[in-house]
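S.K.: Everything below, folded, please.
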Amino acid sequence: MESIMEIIKTDAFLLIISGIMLILVLGFIVLISKYASLSKKYKSFMKKLGNGKDLEEDLETYMYRVDKVEKQNAEILNQIKRLDADLMKCIQKIGIVRYSAFKDTGSDLSFALALLDENNDGVVLNGIYSREMSNIYAKPIQNGKSTYTVSEEEAQAIQKAIESDGIHKIK
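M.R.: A predicted model of the protein is given here:
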């Protein structure tokens with residue numbers, strides 16, 4: 001340990017440490033100047049790419065816009081999901097059967113009309129026409145079935161609605 005202390009106390013050691021410090025300071029100055037030069041070149045390069053504008057600012061602006069669009073897309077997708085859920089509850093399937101309820105009426109003026117949603121829930125309407133009067137009856141439909149007794153024409157209208165898959169043709 002004493003030999004190390006003696007070496008540290010010598011003038012040669014101080015000169016060597018001073019030389020190393022000078023080299024480090026000069027290296028640091030060179031690095032700072034190279035960094036400044038490189039920074040100028042980078043800014044010049046970015047302006048050339050940006051046609052006179054700062055490309056870095058443009059990229060930041062575009063990234064902000066992209067983030068904004070992504071948020072809007074997420075909102076739109078959520079809205080679409082809500083609309084899809086609501087649409088399942090809307091009337092999507094229609095089946096209609098025209099028929100003659102009584103022999104004394106000349107044409108098919110009576111009808112059975114089924115209005116169903118995606119889950120085959122809805123209503124079947126039966127309009128019975130005669131010369132003296134016209135009546136309309138409504139029966140609820142759940143999962144393609146009614147808790148009430150349905151006529152043959154109502155059953156046909158319900159089946160047509162179920163099979164229609166949203167295609168509405170009146171025959």
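
S.K.: Am I right that E118 is in a strand?
M.R.: No. Counting by DSSP: H, G, I helix; E, B strand; the rest coil, E118 is not part of a strand but coil.

S.K.: if I look at it, how far off is P140?
M.R.: 16 Å (C-beta to C-beta, to the nearest Å). The C-beta positions use only the backbone N, C-alpha and C, and glycine is treated the same way.

S.K.: Please apply the same query to G95.
M.R.: G95 sits 15 Å away from P140, going by C-beta to C-beta.

S.K.: what do you get for I158?
M.R.: 11 Å.

S.K.: again with D108
M.R.: 25 Å.

S.K.: re the thing from before, name the residue in I158 and P140 with the higher neighbour count.
M.R.: I158 (27 against 12; other C-beta atoms under 10 Å).

S.K.: Which residue is the nearest non-sequential neighbour of that one?
M.R.: A114 (4.5 Å; C-beta to C-beta, 6 or more residues apart in numbering).

S.K.: After the helix or strand hosting that neighbour, which helix or strand is next? Please name it.
M.R.: Taking DSSP states H and E as the definition, one finds A114 inside strand 110-116. Moving toward the C-terminus from strand 110-116, the next helix or strand (DSSP H and E) is strand 122-129.
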